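Undergrad: Model the structure of this input:
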Amino acid sequence: MKYLIICLAFSLFSCSGNSQEQSNPASDDKKSSNKTSCLADITDPAQWYSLSSVAALVNMAEESIEQKVYEKMNSLQYNWRTDRSHIMKLGKAEMEVPTNNVIAIVVKNLDEAIERATRMHRGRKTFTYEEYFNSYHSQVTKEDQKIIDEQIDKKGEEDENFDSKTAKKLLAMAPTENYSDISDLGDRANKYVQLAPGLRETRLAVLFGNVVILISVDVSDEDSDDLDAAKTVAKAVMGLCD
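TA: Sure, this is the predicted structure:
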């Protein structure tokens with residue numbers, strides 16, 4: 001997550017892709033092993049998890065759940081409304097609004113992602129699958145935040161069109177908490193809770209062969225329930241390769 005968030009900030013302000021990453025030492029081998037996943041060959045996101053599976057998982061009628069498939073983004077999303085709500089603040093006023101429940105799935109092909117990252121570094125760095133996962137989907141520490149701030153400042157000095165102050169504010173608007181590793185899922189996995197106004201969403205990242213499965217869940221007011229649902233979805237998606 002930590003270097004993904006840098007690129008997100010840069011992309012909002014004409015990111016040129018020339019930032020210098022601070023991460024694990026470069027490897028001469030792009031892959032940590034020859035292990036691959038059948039998910040890398042599934043081009044239709046709708047095959048990952050069905051509407052009926054979502055309905056059974058959250059005990060809802062299928063017709064109450066909206067399915068969205070984003071083929072270009074390689075993602076699948078389910079949304080529905082329940083009786084949950086949250087308070088939205090508009091200046092001094094407060095308004096109670098319905099909470100939009102969500103289960104979203106993204107499967108990222110790491111061979112393609114590593115190739116793009118290598119081009120970004122002009123061939124000076126490559127990644128194993130595990131190195132890529134650690135660099136792009138691990139916790140943002142205080143030291144990482146310092147590096148991110150330094151790179152944002154550097155980008156602002158090099159590009160007069162890049163608004164470093166706004167970039168930092170945007171990153172600060174989406175804090176996270178409750179980061180932890182998950183020991184019994186895929187080759188590696190971790191989770192955290194993404195926070196924003198009206199949002200408390202559990203994010204789960206799973207390294208599975210040559211793909212990363214990214215799952216976002218907000219179906220409950222309890223983080224533990226959201227994590228259980230995310231794990232269930234992740235296991236079902238990985239089960240396609242059994």
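
Undergrad: Ser37 is in contact with Val212, isn't it?
TA: No. Using Cβ atoms under 8 Å, Ser37 makes no contact with Val212, being 9.8 Å away. Heads up, the C-betas are built off the backbone N, CA and C, glycines and all.

Undergrad: more crowded one of the two?
TA: Using other Cβ atoms under 10 Å as the criterion, Ser37 and Val212 rank with Val212 on top: 26 against 23.

Undergrad: That one: what's it in contact with?
TA: Val107, Lys108, Leu110, Ala113, Tyr132, Phe133, His137, Ala205, Val206 (Cβ atoms under 8 Å, 6 or more residues apart in numbering).

Undergrad: so it sits in a strand?
TA: Yes. Under DSSP: H, G, I helix; E, B strand; the rest coil, Val212 sits within a strand.

Undergrad: What residues are bridge-paired with it?
TA: Going by DSSP bridges, Val212 is paired in beta bridges with Lys108, Leu207.

Undergrad: give me the beta-bridge partners of Tyr192?
TA: Arg203.

Undergrad: try Gln67
TA: Bridge pairing for Gln67 - DSSP bridges - gives Tyr78.

Undergrad: For it, give its distance to Leu204.
TA: Here the criterion is Cβ to Cβ, to the nearest Å. By it, Gln67 lies 20 Å from Leu204.

Undergrad: Which one of these two is surrounded by more residues?
TA: Between Gln67 and Leu204, counted using other Cβ under 10 Å, the more crowded position is Leu204 (24 against 15).

Undergrad: Now the more buried one. Nearest residue, chain neighbours left out?
TA: Ala230 (4.1 Å; Cβ to Cβ, 6 or more residues apart in numbering).

Undergrad: Check Glu66 too.
TA: Nearest residue to Glu66 in three dimensions, chain neighbours excluded: Asn79, at 4.9 Å (Cβ to Cβ, 6+ apart).

Undergrad: show me the contacts for Arg84.
TA: So Arg84 contacts Pro98, Thr99, Asn101, Asp221 (Cβ under 8 Å, 6+ apart).

Undergrad: most neighbours, which of those residues?
TA: Asn101 leads the contacts of Arg84 on contacts (other Cβ under 10 Å) with 19 neighbours.

Undergrad: quick check, that one in a helix?
TA: No. Using three-state DSSP, the assignment for Asn101 is strand, not a helix.

Undergrad: What ranges does this protein have for its strands?
TA: Taking DSSP state E as the test, the strands found in the chain are 66-70, 75-90, 93-109, 176-181, 188-196, 199-208, 211-218.

Undergrad: Out of the ones you listed, indicate the one that is most buried.
TA: Most buried of the strands of the chain, by mean neighbour count (mean count of other Cβ atoms under 10 Å): strand 211-218, with a mean of 25.

Undergrad: Which stretches in the chain count as helices?
TA: Secondary structure of the chain (DSSP state H): helices at 2-11, 51-58, 110-120, 129-136, 142-158, 164-172, 223-239.

Undergrad: surely the residue nearest to Glu66 meets Val58?
TA: No. Applying Cβ under 8 Å as the test, Asn79 and Val58 come out as separate, 11.5 Å apart.

Undergrad: list residues touching both of the two?
TA: Joint contacts of Asn79 and Val58 (Cβ under 8 Å, 6+ apart) are Asn101.

Undergrad: thinking again about what came up before, quick one, what contacts the residue nearest to Leu204?
TA: Taking Cβ under 8 Å, 6+ apart as the test, what Ala230 contacts is Lys191, Thr202, Leu204, Ile215, Ser216, Val217.
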